[in-house]
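J.: Okay, structure incoming, though there's no sequence with it:
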């Protein structure tokens, strides 16, 4: 793999020094059963470039585990294109270095810059060194979401799924049916979403997984938005409900990712878009975020049971369904009176 | 009585994993060892509290006139909600809340949502 990686990057090199670069410190970071994320440095005589490889090796199904239910069947090439487009529109993202092609023999995927920062939620929320970053992070999240939602639809990759309107809920119902209708509370949440549609939703690019844990942060604040594989077209307020969902506060009190207040998130959003979404609409998408977390738990359980990924972690996440259920019941209190 | 209770064995293994194995590990294996110890805690709590879930299901089945032989009560309720044959009334909501509170007390008693929910619902019902 080191040699194929070196050859793929040598292809793009500007001069002979770069062409003789070597791959150092290659290690697998994380990822599901199919998707792989690798970290390595490209070292030449004068410099060392920190990089990340995301790939689906061989003939693996081109669907990530979490992308499956969300309908985010974005190919890795489209994901790379989307990151590049987002960067051009002022969204902090890693720089895409190379999109893999057939002759690279590394499967589908792309190579991007490895930015420096912290993405682990508990460190971000607890560590003293991120204190001042935490104070501005909610505003920065609002600004960044505003920029994502303002990218013109015409410049986006063609492979983005459209989840606007009823489509999202039809897919969710099909998912609950497929996984055995085990949870009355998830069904109650889905019914409520369908019975109370938003009156005038817009349609924009939606990141789909914009939360504490997918945000790379340093002492100065937001460095890069990661994990674009669930991106789709839909209602932009979905992203604001998601970043404020209880499950992604990691036990902390503050509503925006556990680190910030609604007022700062909305001020950041309005500073870019001139628009302040209503709290009622954010609540609506918090219900959806809780339902989505419940569906991820069901998906993990199925992956464990089917043997597709019979790991301890999958089995354990399958038991977190009751977290999603309690969040739904708290959010929906008073909605059925 | 046949010597050490299951719950005591689970607690002993959990203690062993946390106090003796975990300090020897780092990275992904340390993380997995924490997950493993946690999973044993869930099993121990379910052995102590799990019967309560079945009792709640039996009670709601009687109230809603569901057939306890016709599959899991939770699934019958989920299908009734999907097909809109079941009314979302106080009785049903109380059952869903109390059942979820107990399930979460087994699965993850430290979850922030549990404290919030208990504060809301524990006084008015049960």
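T.: In hand now; what should we look at? All figures in this text were calculated on a predicted structure; none of them were measured in a lab.
J.: show me what contacts the residue lying closest to residue A:289 once chain neighbours are set aside?
T.: Spatial nearest neighbour of residue A:289, excluding adjacent residues (C-beta to C-beta, 6 or more residues apart in numbering or on different chains): residue A:245 at 3.6 Å. Just so you know, the C-beta spots here come from the backbone N, C-alpha and C atoms, and that holds for glycine as well. Contact partners of residue A:245, counting by C-beta atoms under 8 Å, 6 or more residues apart in numbering or on different chains, are A:211, A:286, A:289-290, A:293, A:327.
J.: Show me where the chain dips below the pLDDT cut-off.
T.: Unless you meant another one, I'm taking chain A. Within chain A, the stretches with pLDDT under 70 are A:17-18, A:30-34, A:58-73.
J.: Can you look at chain B instead?
T.: Residue ranges of chain B with pLDDT under 70: B:1, B:123-126.
J.: which residue sits farthest out from the middle of it?
T.: residue B:24 (31.2 Å; C-alpha atoms, centre = their mean).
J.: ok, back up a step: biggest separation within the contacts of residue A:245, which pair?
T.: A:211 and A:327 (13.9 Å; C-beta to C-beta).
J.: Comparing those two, which shows the higher neighbour count?
T.: More crowded of residue A:211 and residue A:327, by other C-beta atoms under 10 Å in any protein chain shown: residue A:327, with 28 against 24.
J.: Doesn't that one lie inside a strand?
T.: No. Counting by DSSP: H, G, I helix; E, B strand; the rest coil, residue A:327 is located in no strand; its state is helix.
J.: Need the residues that contact stretch A:149-168.
T.: A:71-75, A:78, A:81-82, A:85-86, A:89, A:171, A:194, A:197, A:201, A:203-206, A:231-236, A:239, A:272-273, A:288.
J.: Repeat the analysis, applying 7 Å as the threshold.
T.: A:71-75, A:78, A:81-82, A:85-86, A:89, A:201, A:203-205, A:231-236, A:272-273 (C-beta atoms under 7 Å, 6 or more residues apart in numbering or on different chains).
J.: Pull the number of nearby residues for residue A:260.
T.: With other C-beta under 10 Å as criterion, residue A:260 counts 25.
J.: From what I see, it and residue A:142 are in contact.
T.: No. With contact defined as C-beta atoms under 7 Å, residue A:260 does not reach residue A:142; the gap is 9.0 Å.
J.: Which elements pack onto the top helix by length along chain B?
T.: The longest helix of chain B (DSSP state H) is helix B:27-49. Contacts defined by 3 or more C-beta pairs under 7 Å, 6 or more residues apart in numbering or on different chains; DSSP states H and E place helix B:27-49 against helix A:312-318, helix B:6-16, helix B:90-107.
J.: circling back: quick check: the residue nearest to residue A:289 vs residue A:239, distance?
T.: With distances taken as C-beta to C-beta, to the nearest Å, residue A:245 is found 11 Å from residue A:239.
J.: ok, now which ones touch residue A:247?
T.: Residue A:247 neighbours (C-beta under 7 Å, 6+ apart): A:290, A:293, A:323-324, A:327.
J.: Let's have the residues you listed in TSV, adding secondary structure and distance to residue B:52.
T.: Shown next, in TSV, are those (DSSP: H, G, I helix; E, B strand; the rest coil; distance: C-beta to C-beta, whole Å):
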residue	secondary structure	distance to residue B:52
A:290	helix	24
A:293	helix	24
A:323	helix	19
A:324	helix	20
A:327	helix	21
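J.: Greatest separation within the residues you listed: which pair is it?
T.: Going by C-beta to C-beta, the pair spanning the contacts of residue A:247 furthest: A:290 and A:323, at 8.6 Å.
J.: More neighbours: the two, which one.
T.: When neighbours are counted by other C-beta under 10 Å, residue A:290 and residue A:323 differ, and residue A:290 comes out ahead with 28 against 24.
J.: hang on, the earlier thing: chain B: which of the contacts of residue A:245 is nearest?
T.: residue A:327 (5.1 Å; C-beta to the nearest C-beta).
J.: Let me see the contact set for the closest one.
T.: Shown in contact with residue A:327 (C-beta under 7 Å, 6+ apart): A:246-247, A:290, B:113.
J.: For chain B, what lies in contact range of chain A?
T.: When proximity is defined by C-beta under 7 Å from any C-beta of the partner chain, chain B lies next to chain A at B:32, B:35-36, B:38-39, B:42, B:74-75, B:77-79, B:81-82, B:88, B:93, B:96-97, B:100, B:103-104, B:107-108, B:111-114, B:116-117, B:120.
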